[in-house]
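**Q** Sequence below, structure please.
(one chain, ligands or ions: 1)
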Amino acid sequence: MAKENNPNTPKKPRFSSWWIYGVVIALIIGFQFFGGSSFSSTEKTTTSELQEFLRNGDISKIVIITNTRQAKVYLTEEALNKDVHKGVAKKPLFPSSSLMPQYILDYGDLQIFQNEITEIKKENNLDTIVEFDTESNVLGDLLLSLLPFALIIAIWIYLMRRMSGGAGGGAGGQIFNIGKSKAKLFDEKTDTRTSFKDVAGLEGAKEEVQEIVEFLKNPDKYTSLGGKIPKGALLVGPPGTGKTLLAKAVAGEAKVPFFSLSGSDFVEMFVGVGASRVRDLFKQAKDKSPAIIFIDEIDAIGRARGKNNFTGSNDERENTLNQLLTEMDGFGTNTNVIVLAATNRADVLDKALMRAGRFDRQIYVDLPDLNERKEIFEVHLRPIKTAETLDLDFLAKQTPGFSGADIANVCNEAALIAARKEKKAVTKQDFLDAVDRIVGGLEKKNKIITPEEKKTIAYHEAGHATVSWMLEHAAPLVKVTIVPRGQSLGAAWYLPEERLIVRPEQMLDEMCATMGGRAAEKVIFDKISTGALSDLEKVTKQARAMVTIYGLNDKLGNITYYDSSGQNEYGFTKPYSEETAQRIDQEISKMIEEQYQRAIKLLADNKDKLTELADRLLEKEVIFKDDLEKIFGRRPFEKEEEKLEPADKLDDQ
Ligand code: ATP
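**A** As a prediction, the model looks like this:
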C-alpha cells in the first residue's frame with residue numbers, strides 16, 4: 001500500500017469514476033433500444049391489411065397513438081387462433097403479452113385513417129373499440145430527470161480529483177485518496193544521497209540523530225538491557241540551521257523506509273481529513289517498520305490546543321493533533337517506528353506533544369558558531385571553482401549570525417557574481433560582495449541622491465562609526481559605506497560579539513551607538529531627518545525589551561511580562577495595568593533620550609574627528625577599520641579576536 005506514495009512508483013487508480021459514466025451511457029443506450037419501442041415484438045402491418053382484418057372481424061381494439069402517429073392493433077381471441085395471425089400469436093415478448101398489441105402500423109393522416117375505420121365498422125356493423133392515447137416514454141423521462149444529478153456527480157468527482165492533486169498526475173489523487181497520507185517515501189530504491197558528511201558542524205545534534213539510526217538498525221543492543229527505544233525526536237532551532245538537512249541525512253544513512261511530509265500536508269479543507277491522514281501515515285509506517293517518519297514544520301498542526309479558537313475554526317487542527325498524540329502513544333516500542341519532527345517554534349507546541357513518551361528527545365539545532373561556519377563553508381565550497389585557496393577562517397568571521405542556509409546562499413551568490421563578471425573562477429572579493437549583497441541587498445548604483453543628501457548620509461554613518469568606536473561595549477566597527485543597497489542609503493557594519501548573556505551597560509552602549517546617526521545630524525546640521533527610522537525602531541524595541549522582558553529597569557524592577565508559553569501574545573488584554581503601561585512608556589522614552597544625549601555629547605566633543613571621517617567617507621564611499629584607526633588611533637577596548645579582520649551586521653541609514 002505504501003508503494004502508492006513512492007514517487008517512483010506509478011500510482012494505480014483504486015476506484016475509477018468511469019463506471020458512473022459507463023452506467024449513464026448504458027442507460028441511454030438501453031433507453032434507445034427498449035424505451036422507444038415497448039412493443040418491439042409486435043409485427044408491423046399496413047393500412048390495407050388492417051382494413052382486411054377489420055372487415056374479417058379479427059380486431060377487438062385499435063388504439064390510436066396520436067403523438068407517434070401509430071396505431072396499436074389488438075386481435076380477438078378467435079382471431080389469434082387463425083393461421084393468418086399465427087406469427088404474432090406465438091411471439092409474446094413478456095408473460096403479460098395479452099396486454100400487448102399484435103400489430104402496429106403507421107397510419108399517416110389521422111383524419112383519413114379515422115374515417116376509413118368508421119366506414120368499415122359501419123359497413124360491417126362491427127363493435128370494434130377505437131381509443132385514442134399518447135405514448136409516454138417512462139425510461140426516457142426518468143433518464144432526463146436524472147441527467148442533472150449525473151452531471152453534478154460527474155463535476156464533483158472531477159473537482160475532487162483535481163483537489164487531491166491527481167488530475168494532472170494520473171490517477172493518484174482520487175477522491176477516495178483524500179484521507180490518505182501525503183508522505184513521500186524514501187527507501188533503498190530512492191536515490192537520496194544526503195549523508196552525515198553533508199551536514200557540517202551540529203556535532204551534538206548529529207550524535208543524537210545518529211543514535212536514532214543505531215536504534216533502528218540494532219534495536220536489540222538497547223532493548224536487551226531493558227531500555228526502550230525512543231518514539232520521537234524533535235529538532236528545534238532557527239530557520240535555515242539544517243534541521244531538514246539532518247533529517248534527510250538520517251534517511252540517507254538509516255537505510256530504512258523514511259516517510260517525509262510537512263505539517264501542512266495534513267491540513268485540508270475537509271473536516272476529518274487531517275486525522276485520517278495521520279492514521280494512514282502511521283499505518284503505512286508500521287507496515288514497513290522499522291521506519292522513520294519525518295514531519296517538517298510540525299507547528300502547523302502541533303500548536304497548543306485551546307488557544308485563539310474564539311471561532312472554533314481550529315477544531316480540525318486540534319483533531320489532527322489529537323490523532324497524532326494518540327498514534328504516538330498507540331504504537332508499542334517494539335514497532336520500531338521513530339518520529340522525527342522539526343520546528344522553529346518549540347514554544348508554541350502543545351505540551352502533550354513534548355512530553356516524554358512522545359517526543360522523548362528535543363534536539364537543539366542552533367545558529368552555527370565560528371568553527372561550525374567554517375565547516376559549513378567547507379561543505380558548500382566543494383562544488384565551487386575558486387581562484388585561490390580561500391581563508392575559511394576569514395570567511396567565517398565575515399558571517400556572524402549567518403545560518404547554514406545563509407552560508408549556502410553566500411557560496412552560490414559568489415559563484416553567480418563571478419560568472420556575471422565573466423571570471424573563470426570565484427575570488428575572495430566575490431565572496432565579500434556576496435556577503436554584502438545578502439546582508440544589505442542589491443547595490444543601487446543608479447539611485448539619484450543630491451549632494452546635500454549624500455552629505456547627511458555620510459555624517460549619519462560617520463556618527464554611528466564614531467560613537468561605536470568610542471564606547472567600550474558597542475560592537476566593534478568593520479566597515480562603513482554610503483553606497484545605497486536594498487532599502488538602505490548607507491550602512492555601518494559591526495562585528496558583534498557572540499554573547500550568551502548581555503549586561504545592561506552593553507545594551508545601553510549599543511543603543512547609544514545606534515542613536516549616533518541622528519545625533520551626528522543634530523550636532524553638525526542642527527537638524528534631524530527621517531533617515532533614522534530603522535535606528536529608532538531598533539532602539540525602541542531594545543528599550544522595551546529591557547523594561548518589559550529582561551527586568552533591567554530600576555523603576556519597574558525585577559519583573560517580566562514575557563510569557564514563554566506564548567499564551568498571551570498581547571492580544572486584547574495587556575498583562576499590566578494602565579498605570580504600569582504609562583510608566584513603561586516613560587521609562588522607554590527616558591532610556592532612549594538619555595542615550596541620544598550621550599551620543600550628542602560624545603560627538604560634540606569629537607566634532608573634528610567626526611567631520612574628518614565624514615569627509616573621507618564622502619570621498620571614498622566605503623571605509624574600513626584601518627581608516628578609522630588613522631583618524632581615531634587604536635581602539636582602546638580592542639579584544640584579541642577583533643584584531644583578525646572583518647565584517648558584519650548593518651545599521652541602516
Ligand atoms: P527551516 O526551519 O526554515 O525549515 P531548516 O533548519 O530545516 O530550516 P534546512 O532546510 O535544513 O534548514 O537548511 C537549508 C539549507 O541550508 C540546506 O539545504 C543546506 O544547503 C544548508 N545548511 C543548513 N545547515 C547546514 C549545515 N549544518 N551543513 C551544511 N549545510 C547546511
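**Q** rest of the way, CA atoms for contacts and neighbours
**A** OK.
**Q** Point out the residues in the stretch 351-500 of the chain that sit beside the ligand.
**A** 376, 404-405, 408 (CA under 6 Å from any ligand atom).
**Q** Tell me which stretches of the stretch 301-450 of the chain form strands.
**A** 337-343, 361-364 (DSSP state E, counting those that start in this stretch).
**Q** In its sheet, which strands sit next to the longest one, and in what direction?
**A** For strand 337-343, the paired strands and their directions (DSSP bridges) are strand 232-236 (parallel), strand 291-296 (parallel).
**Q** got the contact list for the last one?
**A** Yep, that's strand 291-296 we're talking about. Contact with strand 291-296 is made by 216, 244, 247, 251, 256-263, 285, 336-343, as judged by CA atoms under 8 Å, 6 or more residues apart in numbering.
**Q** now it, how far from the centre of its chain.
**A** 17 Å (CA atoms, centre = their mean, to the nearest Å).
**Q** Of the contacts of strand 291-296, which ones also sit close to the ligand?
**A** 244, 343.
**Q** so where is the stretch 351-500 of the chain shaky, pLDDT-wise?
**A** 498 (pLDDT under 70).
**Q** repeat that for 90
**A** 351-375, 378-404, 417-418, 420-455, 468-500 (pLDDT under 90).
**Q** likewise the stretch 151-300 of the chain?
**A** 156-300.
**Q** in what helix or strand does the closest residue to Asn558 other than its chain neighbours lie?
**A** The shortest distance from Asn558 to any non-neighbouring residue, by CA to CA, 6 or more residues apart in numbering, is to Gly551 (4.6 Å). Assignment of secondary structure by DSSP states H and E places Gly551 within no helix or strand.
**Q** Please identify which two of the residues of the stretch 351-500 of the chain next to the ligand are farthest apart in space.
**A** Ile376 and Ala405 (9.4 Å; CA to CA).
**Q** Those two: which has the busier surroundings?
**A** Of the pair Ile376 and Ala405, Ile376 is the one with more neighbours under other CA atoms under 10 Å, namely 24 against 13.
**Q** which residue packs closest to Gln597, ignoring adjacent ones?
**A** Nearest to Gln597 is Ala519, by CA to CA, 6+ apart, at 7.7 Å.
**Q** Could you name the specific helix or strand carrying that neighbour?
**A** With DSSP H and E as the criterion, Ala519 is inside helix 504-525.
**Q** Going by neighbour count, list what's buried in that helix.
**A** 507-524 (16 or more other CA atoms under 10 Å).
**Q** and the ligand, which of these reach it?
**A** Counting by CA under 6 Å from any ligand atom, no member of the buried residues of helix 504-525 is near the ligand.
**Q** shouldn't Ala465 be in contact with Ala492?
**A** Yes. In this structure, Ala465 is within contact of Ala492 by CA atoms under 8 Å, at 6.7 Å.
**Q** Overlap in contacts, these two.
**A** With CA under 8 Å, 6+ apart as the test, Ala465 and Ala492 both reach 477, 480.
**Q** Geometric centre of the protein: which residue is closest?
**A** Ser264 (5.8 Å; CA atoms, centre = their mean).
**Q** ok, that one - contacts?
**A** Contacts of Ser264 (CA under 8 Å, 6+ apart): 297-298, 300-301.
**Q** And Asp141, how close does it get to Leu147?
**A** 10 Å (CA to CA, to the nearest Å).
**Q** try Glu578
**A** For Glu578, the distance to Leu147 - CA to CA - is 67 Å.
**Q** Between the two, point out the one with more neighbours.
**A** Just comparing Glu578 and Leu147: by other CA under 10 Å the higher neighbour count belongs to Leu147, 13 against 10.
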